[in-house]
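# this is a predicted model, with the sequence first.
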Amino acid sequence: MDINFNKNEDHNKLKLSDLKRRLAKVKLGGGKKRIEKHHAKGKMTARERIDYLLDDGAQSIEIGAFAGEDMYEEHGGCPSGGVVVKVGYVKGKQCVVVANDATVKAGAWFPITGKKNLRAQEISIENNLPIIYLVDSAGVYLPMQDEIFPDKEHFGRIFRNNAVMSSMGITQIAAVMGSCVAGGAYLPIMSDEALIVDKTGSIFLAGSYLVKAAIGESIDNETLGGATTHSEISGVTDYKAKDDKDALNKIKNIVDKIGDFDKAGYNRVEAKKPAEIPEDIYGILPASRSDQYDMLEIIKRLVDDSEFEQYKEGYGKTILTGYARIDGWAVGIVANQRKVVKTKKGEMQFGGVIYSDSADKATRFIANCNQKKIPLVFLQDVTGFMVGSKSEHGGIIKDGAKMVNAVSNSVVPKFTIVIGNSYGAGNYAMCGKAYDPRLIVAWPSAELAVMSGNSAAKVLMQIEKASLEKSGKPVDAEKEKELFDQIKQRYDDQISPYYAAARLWTDGIIDPLDTRKWISMGIEAANHAPIEKKFNMGVLQV
């Protein structure tokens, strides 16, 4: 191994250590003291409930672990958006599980909480997966109600989805394991089956204090909306559980009886591990986002037996396209080549840039995968489309539009891994969040923005400098450097993968070695939802 490999390895493993440290902090939710108070009430935490519910030893993936990161500090923070979402297995059946974290503001809904719940439902809808809600929430976080209550993608959309999902035949099971107040009371009752835990679970549109204030009636919360009331008097709930574990055991028994799904029919054979050493990824991936490397070497460490059958290998070389298998599943891979390449005409093309020929190649390959019913995997490390007179005269906008069109209208499931850069229109063409990937995750090395921090800072600094000089405040070299550093720092914070993950622009930040698991579980989920539309690119200049 050369010295650069060792430096890269050290750099990327430090980033991985930082990821693990951040995850460990997030998993504490509202903190150790609040967890202790939760346990004192005889309740399990959200993560403990999910761990108990999911099959022992089976794989799972967590969606949105960093949701809300550094977003609500003035309100005391909102780790993981106050809700834990995992895709895993209950009695061998793949399910989505959503659990309110009552150690975070009593499980109250922040704006990001609503967005994360909607993302969980979206995954369930797209993949026809059963969804299980473990409810323990005080309802909308009132100081921010204007950002969570009235709009189309706000709190009310959850209940609308409950109704639509039920009509689609998607199983929804809800367990009321704590508070379930006001509008939030509709979520479990709009599910197909509802359980409630005795003494700790409660459901009501208005609690005892509000009832007293509104109509003058004096009543305690347990009598108003506890387990006995709703299981034996109102008939609102279907099952009464003596404690958290009893409720979770009942859910396991219900899921165990669900019939099998229709399958989409994606091709799978016996899985093989990569022939190349996957851990080498840490040394291959450069420490600097501007450095070149061979993406083919990354692909070899992600795919079964390191076999990758390239499509149009000698054409459009700044994008790699080809067929492979990941954990036995057939996939079509579209990846940005990050090394400088030479065309047959002797011209040099920059790695990570999409040229007309590479866009054309990717478009044709995406169409082929749709025809063959092969899921698509996008490996992003892209700085954007090629600019300049030669590219413009050659029709780069038209070729780029073709690629975006193919990605937009693709009917096979798409999965996006942001490995490095994800800048500008390159993010769009390589299936960014706006293009409906079934799952989109980032490695700790990822950067998402309109352009790099360095480029953006130069542009913004020139604007700021011109503004100051126009107002009679000359900018010397020292002041110019100070301005540049301030702007770059602010911009660099925004291109961090954690900034993106906090806002659910990605589903998470993962160890590169977990990439195969995410893609495999994602395709398995997608296989539960047969394709109902045909691939059609519509009106397009060919």
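Now that the structure is in, tell me what you want to look at.
# so how far is residue 281 from residue 327?
17 Å (C-beta to C-beta, to the nearest Å). C-beta coordinates here come from the backbone N, C-alpha and C atoms, glycine included.
# looking at these two, which has the bigger crowd around it?
Counted by other C-beta atoms under 10 Å, residue 327 and residue 281 do not tie: residue 281 has more neighbours, with 25 against 19.
# with adjacent residues omitted, what lies nearest to the more buried one?
Excluding the flanking residues, the one nearest residue 281 by C-beta to C-beta, 6 or more residues apart in numbering is residue 512, at 4.8 Å.
# doesn't residue 283 make contact with the one you found?
No - using C-beta atoms under 8 Å, residue 512 is not in contact with residue 283, being 11.4 Å away.
# mind listing the shared neighbours of the two?
Counting by C-beta atoms under 8 Å, 6 or more residues apart in numbering, the shared contacts of residue 512 and residue 283 are residue 12.
# tell me where the model's unsure across this structure.
The model of the chain has pLDDT under 70 over residues 1, 183, 453, 540-542.
# show me the longest helix that occurs in it.
helix 3-26 (DSSP state H).
# run the chain-centre distance for it.
Centroid separation between helix 3-26 and its chain, computed with C-alpha atoms, centre = their mean, to the nearest Å, is 21 Å.
# how about it: buried residues?
Using 16 or more other C-beta atoms under 10 Å as the test for burial, helix 3-26 gives 8, 9, 11, 12, 15, 16, 19, 22, 23, 26.
# measure the first one to residue 284 for me?
From residue 8 across to residue 284, the span is 7 Å (C-beta to C-beta).
# what residues sit buried inside stretch 491-500?
By 16+ other C-beta under 10 Å, the buried positions in stretch 491-500 come out as 491, 492, 495, 496, 497, 498, 499, 500.
# which residues touch that stretch?
For stretch 491-500, the external contacting residues (C-beta under 8 Å, 6+ apart) are 22, 66, 69-70, 418, 442-449, 452-453, 456-457, 460, 506, 509.
# for PyMOL, write the select line for the buried members of the residues you listed.
Only the buried entries of the contacts of stretch 491-500 go into this PyMOL selection, using 16+ other C-beta under 10 Å:
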select buried, resi 22+66+69+418+442+443+444+445+446+447+448+449+452+453+456+457+460+506+509
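# show me how the chain divides into domains.
Annotated domains of the chain cover 1-30+264-446+506-534, 31-256, 452-495 [the TED database].
# what's the first-to-last distance across the second one?
Using C-alpha to C-alpha, to the nearest Å, the span of domain 31-256 from its first residue to its last is 34 Å.
# ok, now stretch 435-454?
Across stretch 435-454, first to last residue, C-alpha to C-alpha, it's 27 Å.
# and that stretch, how far from the chain's centre?
Counting by C-alpha atoms, centre = their mean, stretch 435-454 comes out at 11 Å from the chain centroid.
# still on that earlier bit, can I get the buried residues of stretch 491-500 in JSON lines with distance to residue 74?
Shown next, in JSON lines, are the buried residues of stretch 491-500 (distance: C-beta to C-beta, whole Å):
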{"residue": "491", "distance to residue 74": "23"}
{"residue": "492", "distance to residue 74": "23"}
{"residue": "495", "distance to residue 74": "23"}
{"residue": "496", "distance to residue 74": "20"}
{"residue": "497", "distance to residue 74": "24"}
{"residue": "498", "distance to residue 74": "19"}
{"residue": "499", "distance to residue 74": "17"}
{"residue": "500", "distance to residue 74": "21"}
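# residue most distant from the centroid, this protein?
In the chain, the greatest distance from the average C-alpha position (C-alpha atoms, centre = their mean) is reached by residue 472, at 47.4 Å.
# my guess is residue 370 contacts residue 412. True?
Yes - judged on C-beta under 8 Å, residue 370 makes contact with residue 412 at a distance of 5.5 Å.
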